[in-house]
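A.B. asks: for reference, the sequence and a predicted model appear below.
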Amino acid sequence: MCATCGCGDTTGPRVSVVADGEHEQEHDDHGHGHEHDHEHGHPDHTVILEQQVLAKNDGIAVHNRQWMRNRRITALNIMSSPGAGKTTLLARTIRELGCQRPIAVIEGDQETRLDAERIRETGASVVQVNTGAGCHLDAAMIDRALRALDPAEESLLLIENVGNLVCPALFDLGEEGKVVLISTPEGADKPKKYPHIFAVADLVVINKIDLLPYVEFDVDACVEQARILNPAVRVVVLSATTGEGMDEWYEWIGSRSAISPVAVDN
């Protein structure tokens, strides 16, 4: 993990509040909060470090979950490869659900504020987390982002993770649901190629079904592969561009909202 995914970038993540006429940016230390005085070249050291990093992350995630549940905030961690349509899905969701409840967004990317600017144009509150060489968000980054964002009570918090189908699967952020988004141009074999992220998903969204006449994508085969890995996973098939299938996505969000006020983890 740390030996390969860029966690050694000493500049650390940058959390930025994106608002009209406002370009406030916060710089802080390395988001994982661990010292890199170990030697990356030794596999046994790397395994121990990975265990320590994940254990620390899980502790912070418990804190994040408790903080949000106390405020009846429903957080969803949306993961995909780059270009699958996460930002388009979020923007449409905000436009169509924003009149029903407050919606806030945490945007994760290695660089730029482009996606956060798209979200800001919808009227939702948004912060951008730039991870530098890091390939995923972690619970410490979400903790900092929550402090900057300060989402309203009973709000929906949409977390757009860094585009990657590997490392994000390992890191609990304190969310109420993990969403894996794939798109039809990527091919139907994604569950076979990236099994871990599908195994931990609460929902799989197959996006860009408006392109089915033009690409080779077997929806039934993809769903079957996902359910071999995760028999309980729910699958929603939609187009964030045309709106087809979005009602089922909104229904699922409502079902996770019913879960979030439950008693806090001990």
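C.D. replies: That came in fine, so what should we check first? Numbering: from 1, shown residues only.

A.B. asks: secondary structure class for R65?
C.D. replies: helix (DSSP: H, G, I helix; E, B strand; the rest coil).

A.B. asks: can you pull out the strands in the stretch 101-250 of the chain?
C.D. replies: Applying DSSP state E, counting those that start in this stretch to the stretch 101-250 of the chain gives strands spanning 103-109, 125-130, 156-160, 177-183, 203-207, 234-237.

A.B. asks: can you redo the ones you listed as TSV with mean neighbour count, distance to T88 and mean pLDDT?
C.D. replies: Every C-beta, even on glycine, is put in place using the N, C-alpha and C of the backbone. Formatted as TSV, these follow (neighbours: other C-beta atoms under 10 Å; distance: least, C-beta to C-beta, whole Å; pLDDT from 0 to 100):
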stretch	mean neighbour count	distance to T88	mean pLDDT
strand 103-109	27	13	97
strand 125-130	26	15	96
strand 156-160	27	11	98
strand 177-183	25	10	98
strand 203-207	25	8	98
strand 234-237	18	15	98
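
A.B. asks: distance to G243 added to those strands, as CSV?
C.D. replies: Listed next are the strands of the stretch 101-250 of the chain as CSV, based on distance: least, C-beta to C-beta, whole Å:
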stretch, distance to G243
strand 103-109, 17
strand 125-130, 22
strand 156-160, 17
strand 177-183, 16
strand 203-207, 12
strand 234-237, 13
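
A.B. asks: how about those strands, which one is nearest R14?
C.D. replies: strand 125-130 (4.5 Å; C-beta to C-beta).

A.B. asks: which other residues reach that closest one?
C.D. replies: With C-beta atoms under 8 Å, 6 or more residues apart in numbering as the test, strand 125-130 has contacts from 13-19, 102-113, 115-116, 119-120, 137, 141, 144-145, 148-149, 151.

A.B. asks: in helices, which of those fall?
C.D. replies: Mapping these onto helices (DSSP state H) picks out D115, A116, I119, R120, M141, R144, A145, A148, L149.

A.B. asks: quick check, nearest of those to L181?
C.D. replies: Among the ones in helices among the contacts of strand 125-130, D115 lies closest to L181 (C-beta to C-beta), at 13.8 Å.

A.B. asks: dump the residue contacts of that closest one.
C.D. replies: Each residue near D115 by C-beta under 8 Å, 6+ apart is listed here: T87, E107, D109, Q128, E160.

A.B. asks: could I get those residues as JSON lines with distance to Q66?
C.D. replies: Putting the contacts of D115 into JSON lines (distance: C-beta to C-beta, whole Å) gives the following:
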{"residue": "T87", "distance to Q66": "29"}
{"residue": "E107", "distance to Q66": "24"}
{"residue": "D109", "distance to Q66": "27"}
{"residue": "Q128", "distance to Q66": "25"}
{"residue": "E160", "distance to Q66": "23"}
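
A.B. asks: what's the average pLDDT for the host helix or strand of E50?
C.D. replies: Counting by DSSP states H and E, the element that carries E50 is helix 43-70. Averaged over helix 43-70, pLDDT sits at 86.

A.B. asks: pull up the pairing partners for the next helix-or-strand element following it, direction included.
C.D. replies: Following helix 43-70 in sequence order, the next helix or strand is strand 74-80 (DSSP H and E). Strand 74-80 has the following strand partners under DSSP bridges: strand 156-160 (parallel), strand 177-183 (parallel).

A.B. asks: identify the residues contacting the last one?
C.D. replies: Put plainly, it is strand 177-183. Outside strand 177-183, the residues that touch it by C-beta under 8 Å, 6+ apart are 75-81, 83-86, 89, 165, 190, 197-198, 200-208, 211, 222, 256, 259.

A.B. asks: that one vs strand 203-207, what angle?
C.D. replies: 20 degrees (axes from the mean of the first three to the mean of the last three C-alpha atoms, to 10 degrees).

A.B. asks: nearest to E216, of the strands of the stretch 101-250 of the chain?
C.D. replies: For the strands of the stretch 101-250 of the chain, proximity to E216 was assessed by C-beta to C-beta; strand 177-183 is nearest, at 13.0 Å.

A.B. asks: all helices of the stretch 151-266 of the chain, in order?
C.D. replies: Here the stretch 151-266 of the chain has its helices, by DSSP state H, counting those that start in this stretch, at 190-193, 195-199, 219-229, 246-259.
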